[in-house]
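[1] Okay, structure incoming, though there's no sequence with it:
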């Protein structure tokens, strides 16, 4: 089940949080609910990714990228995700989701989602890769162009070692998947 109530809350409060500016974080406080847990009594691994959607869409909404979907036919599209679980989030435990745009290269943008306990301990961290797809032109839009169209002024920075490793791993997995889709053995 998708996190619709949390999604609606995020959309309804986006204006109150103000426009997204380069380098800022999207922050949401949550509590692990009975609908979030698996049979081990802690947050289900899929729920982390659904909640990461909330942070990512918050950035897209507050930066004006959602408006670009309507105006230009540009749609944000996920490319991949890698997540590391450090500490379990048990039923009723409070935690915070902190989402950021880290860097970009060409048409690919790297995001980060941290799941933090109240004392700052990291429960999980996820890196994502995404792009903005032009539905009319049937191609991805260079992220510099997306930033300009959104009115966000920012300089691209070189990826950290962790981000570089993630991007390389993601590219290798995509190559493997394409080979299997074409009927070739890995």
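    Yes, it's here. Keep in mind that what you see is a predicted model, and the values were worked out from it rather than measured.
[2] Give the next helix or strand downstream of the lowest-mean-pLDDT helix or strand in the chain.
    The helix or strand with the lowest mean pLDDT-type score in the chain, counting by mean pLDDT, DSSP states H and E, is helix 65-72 (a mean of 86). Scanning forward in sequence from helix 65-72, with DSSP states H and E defining helices and strands, the next element found is strand 74-85.
[3] Just the angle for that next one relative to helix 65-72, thanks.
    Between strand 74-85 and helix 65-72, the angle formed by their directions is 150 degrees, by axes from the mean of the first three to the mean of the last three Cα atoms, to 10 degrees.
[4] Residues touching strand 74-85, excluding its own?
    Defining contact as Cβ atoms under 8 Å, 6 or more residues apart in numbering, one finds that strand 74-85 is touched by 45, 48-49, 52, 56, 60, 65, 68-69, 108, 123-135, 140-141, 146, 149, 166, 169-170, 173-174. The C-beta positions use only the backbone N, C-alpha and C, and glycine is treated the same way.
[5] at 6 Å instead, please
    Contacts to strand 74-85, defined as Cβ atoms under 6 Å, 6 or more residues apart in numbering, come from residues 60, 68-69, 124-135, 141, 166, 170.
[6] buried ones in that strand?
    By 16 or more other Cβ atoms under 10 Å, the buried positions in strand 74-85 come out as 74-76, 79-82, 85.
[7] and the spatially most central residue of the chain, what helix or strand is that in?
    Centroid-nearest residue in the chain: residue 56, 4.2 Å away (criterion: Cα atoms, centre = their mean). Taking DSSP H and E as the definition, residue 56 sits inside helix 45-63.
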